[in-house]
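Chemist: sequence unavailable; structure follows:
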């Protein structure tokens, strides 16, 4: 046993774990060099049953045993020797595991496999943890040999020569310390808000305390199935899966694990959706007549242009091009904060008619103090645009209820605009550009409603074709009867 006459204090000594962290070696490498039969023993101090080390002695031990083959030290290269600037194999031989299996004799017997895995904690300390995994029921894996073979497949990653200890953290810590700081700020404000709501109300209450690497596809599938069965809308469950998958995609990118367990999740079939009933043209006019300014112009301009309400309330007077008769959408407002529109296609000009421009000029004359940088729809305090939800809940819906007309929302007015363009025969490409959609499929699938007038015209068109065919058949039978009678009369004369 190496040492001096000086009796070291506990503060001067380090444990096996601390030694591994300090010099970048494995526990196996250390224990092989303190064994009784080791040829070149590592200097250590025995305190009862414990083994402790002096950092200076270990450092001197390593420096003296540098070889020409490696031409480097563990200290200078974090446990990886280098020659001529190129990476060489680690001087500490990597542990190769076979693990072990056992049959659990429960009511439904199954094979359980055990192995060790190195994990890197948040303070960069590397610890070894034993893992237990279910290898399958005894009916599926009938022999121990097959169970060991399945365990070997699981251990292929751990035994890989390039394997490195993975960072370990809980789902909540990863979301708070990594995802929300590195990924979420890159998203738009509305997207960030939606993600934060899903994380706070659905994902973190269920998985927040679990280790990130311990969440399996089976856990996520059970979670999704339970959410689908508790009355949540199909699209809500879809959004939960999308957000959860985005979190794990970031974890894979940052090296916390190799497989995203959320990708394998399945959803139930999308239910049949019925489009909301649109207000009729007469009801739109009734609503405008009921409202005072500036709410009347808000509703009219939303119907005339089909813009999103976030784009409508962010319009400034400089957004209107009086010379080229168009309105430019360049900004959007969300809860009082100015942002860019939803997508790059959303920054667009929208053509206005002459009557539209006349109405907007009258609206501006009623506000003589406004300048080009002012918003069209400034709140009553004159500090910012109106809040869309406040206008809808406090002004529009009470007016709709008073009139007894069809339910109205900002988004339904956008649908109404799209349906009018479709019924009037406007090209789908033009409609797509006015709405700012990146795909025409979105416009046709979700925004065009079947109006009563178009439905009647379709029924009348089919009916006319059927009646025309019936008249043709009747005329042909009449002609054939006349021809047959003429032939009979001729034969009788003969």
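Modeler: Looks like it came in fine. All of these numbers come straight from a predicted model, not from anything done at the bench. Numbering: from 1, shown residues only.

Chemist: quick one: residue 227 from residue 221, how far?
Modeler: According to CB to CB, to the nearest Å, residue 227 and residue 221 sit 11 Å apart. Glycine gets a C-beta too; all of them are placed from N, C-alpha and C.

Chemist: what about the strands in this protein?
Modeler: Secondary structure of the chain (DSSP state E): strands located at 13-14, 45-47, 50-54, 80-83, 86-90, 100-104, 110-120, 126-137, 166-167, 320-321, 326-329, 332-334, 337-339, 348-351.

Chemist: which parts of the last one are buried?
Modeler: Neighbour-count burial for strand 348-351 flags 348, 349, 350 (criterion: 16 or more other CB atoms under 10 Å).

Chemist: could you export those to TSV, including columns for pLDDT and distance to residue 242?
Modeler: Shown next, in TSV, are those (pLDDT from 0 to 100; distance: CB to CB, whole Å):
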residue	pLDDT	distance to residue 242
348	88	27
349	89	32
350	90	31
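
Chemist: which residues does residue 331 contact?
Modeler: 311, 314, 315, 316, 319, 338, 339, 340, 341 (CB atoms under 8 Å, 6 or more residues apart in numbering).

Chemist: rerun that using 6 Å as the cut-off
Modeler: Residues in contact with residue 331 (CB atoms under 6 Å, 6 or more residues apart in numbering) are 314, 338.

Chemist: burial count for residue 244?
Modeler: The number of residues packed near residue 244 is 25, by other CB atoms under 10 Å.

Chemist: I figured it hits residue 203, correct?
Modeler: Yes: between residue 244 and residue 203 there is a contact at 5.5 Å, judged by CB atoms under 6 Å.

Chemist: and residue 391, what's its pLDDT?
Modeler: If you check residue 391, the pLDDT there is 93.

Chemist: burial check on it, number of neighbours?
Modeler: Number of residues near residue 391 (other CB under 10 Å) recorded here: 21.

Chemist: next: the one 4 residues further on.
Modeler: Around residue 395 there are 18 other residues, counting by other CB under 10 Å.

Chemist: now it. Nearest residue, chain neighbours left out?
Modeler: Leaving aside its chain neighbours, residue 395 sits nearest to residue 295 (5.0 Å; criterion: CB to CB, 6 or more residues apart in numbering).

Chemist: sorry, back to before: and the strands of the chain, which one averages the lowest pLDDT?
Modeler: Among the strands of the chain, strand 80-83 carries the lowest mean pLDDT (a mean of 42).

Chemist: now the buried residues of strand 348-351 as TSV including distance to residue 32?
Modeler: Output for those, formatted as TSV (distance: CB to CB, whole Å):
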residue	distance to residue 32
348	70
349	75
350	76
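
Chemist: which one of the residues you listed is nearest residue 439?
Modeler: residue 348 (14.7 Å; CB to CB).

Chemist: residue 115 pairs with what?
Modeler: residue 131 (DSSP bridges).

Chemist: surely it touches residue 99?
Modeler: Yes: using CB under 6 Å, residue 115 makes contact with residue 99 at a distance of 3.8 Å.

Chemist: common neighbours of those two, please.
Modeler: Residues touching both residue 115 and residue 99 (CB under 6 Å, 6+ apart): residue 155.

Chemist: next, count neighbours for residue 212.
Modeler: Residue 212: 22 neighbours (other CB under 10 Å).

Chemist: look up how far residue 135 lies from it.
Modeler: 23 Å.

Chemist: check residue 47 too.
Modeler: Relative to residue 135, and taking CB to CB, residue 47 is found at 41 Å.

Chemist: returning to that earlier point: export the strands of the chain to JSON lines and tack on distance to residue 290?
Modeler: Shown next, in JSON lines, are those (distance: least, CB to CB, whole Å):
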{"stretch": "strand 13-14", "distance to residue 290": "81"}
{"stretch": "strand 45-47", "distance to residue 290": "88"}
{"stretch": "strand 50-54", "distance to residue 290": "85"}
{"stretch": "strand 80-83", "distance to residue 290": "77"}
{"stretch": "strand 86-90", "distance to residue 290": "76"}
{"stretch": "strand 100-104", "distance to residue 290": "72"}
{"stretch": "strand 110-120", "distance to residue 290": "65"}
{"stretch": "strand 126-137", "distance to residue 290": "65"}
{"stretch": "strand 166-167", "distance to residue 290": "60"}
{"stretch": "strand 320-321", "distance to residue 290": "26"}
{"stretch": "strand 326-329", "distance to residue 290": "25"}
{"stretch": "strand 332-334", "distance to residue 290": "25"}
{"stretch": "strand 337-339", "distance to residue 290": "30"}
{"stretch": "strand 348-351", "distance to residue 290": "26"}
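
Chemist: so for residue 372, which of those sits nearest?
Modeler: Nearest to residue 372, of these and by CB to CB, is strand 320-321 at 9.2 Å.

Chemist: contacts for that closest one, please.
Modeler: With CB under 6 Å, 6+ apart as the contact definition, strand 320-321 has outside contacts at residue 327.

Chemist: adjacent strands (with direction) for that strand?
Modeler: The pairing partners recorded for strand 320-321 under DSSP bridges are strand 326-329 (antiparallel).

Chemist: got the contact list for the strand it pairs with?
Modeler: With CB under 6 Å, 6+ apart as the test, strand 326-329 has contacts from 311, 319, 320, 341, 348, 349, 350, 351, 352.

Chemist: can you give me the helices for the stretch 151-300 of the chain?
Modeler: For the stretch 151-300 of the chain, the helices defined by DSSP state H, counting those that start in this stretch cover 171-174, 189-198, 204-207, 217-229, 234-253, 281-290, 295-305.

Chemist: who wins for proximity to residue 143 among these?
Modeler: helix 217-229 (24.6 Å).

Chemist: no further questions, thank you.
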